[in-house]
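Trainee: here you go, sequence then predicted model.
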Amino acid sequence: MKTIEKMKTTRFQLETLTCPSCITRIEGVLNKEPGVNKAKVLFNSSKVKIDYDEEKVSSDRLAEVIQKVGFPIVS
């Protein structure tokens, strides 16, 4: 029997990004997180969009991962 994934999308507003390597770092750690289908950082707007399986990872965990690599999330 095939399991149906509970795909969800979340977005976070980050403090201003200063360089393209910031994008690579954020996307890299998020895309390695179990349950993340795709993470995309939008440099000009300092936002990150994440498609993920809510049965494998929570949005709180994703926010924690972003902040642990040094990128504060704007409330």
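Mentor: Structure received. Numbering: from 1, shown residues only.

Trainee: how about the strands of this structure, start to end?
Mentor: Along the chain, counting by DSSP state E, strands occupy 7-13, 36-42, 47-53.

Trainee: grab the longest helix from the chain for me.
Mentor: If you go by DSSP state H, the chain has its longest helix at helix 20-32.

Trainee: so for that one, mean pLDDT?
Mentor: Taken as a whole, helix 20-32 has a mean pLDDT of 95.

Trainee: buried residues in that helix?
Mentor: Residues C22, R25, I26, E27, V29, L30 are the ones in helix 20-32 that count as buried (16 or more other CB atoms under 10 Å). All C-beta spots, glycine's among them, are computed from the backbone N, C-alpha and C.

Trainee: ok, stretch 47-55 next?
Mentor: V48, I50, Y52.

Trainee: hey, what's the last one bridged with?
Mentor: Following DSSP bridges, Y52 is listed with bridge partners K8, V36.

Trainee: list the contacts of it.
Mentor: M7, K8, T9, T10, E33, G35, V36, N37, S59, L62 (CB atoms under 8 Å, 6 or more residues apart in numbering).

Trainee: also the first one?
Mentor: Residues in contact with V48, defined by CB under 8 Å, 6+ apart, are R11, F12, L14, I26, L30, A39, K40, V41, L42, I66.

Trainee: redo these as JSON lines? Include distance to I73.
Mentor: Output for the contacts of V48, formatted as JSON lines (distance: CB to CB, whole Å):
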{"residue": "R11", "distance to I73": "10"}
{"residue": "F12", "distance to I73": "5"}
{"residue": "L14", "distance to I73": "6"}
{"residue": "I26", "distance to I73": "11"}
{"residue": "L30", "distance to I73": "13"}
{"residue": "A39", "distance to I73": "14"}
{"residue": "K40", "distance to I73": "16"}
{"residue": "V41", "distance to I73": "13"}
{"residue": "L42", "distance to I73": "14"}
{"residue": "I66", "distance to I73": "6"}
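
Trainee: of these, buried ones?
Mentor: F12, L14, I26, L30, A39, V41, I66.

Trainee: for the second one, give its distance to L42.
Mentor: In this case it means L14. Per CB to CB, to the nearest Å, L14 is found 10 Å from L42.

Trainee: alright, that wraps it up for me.
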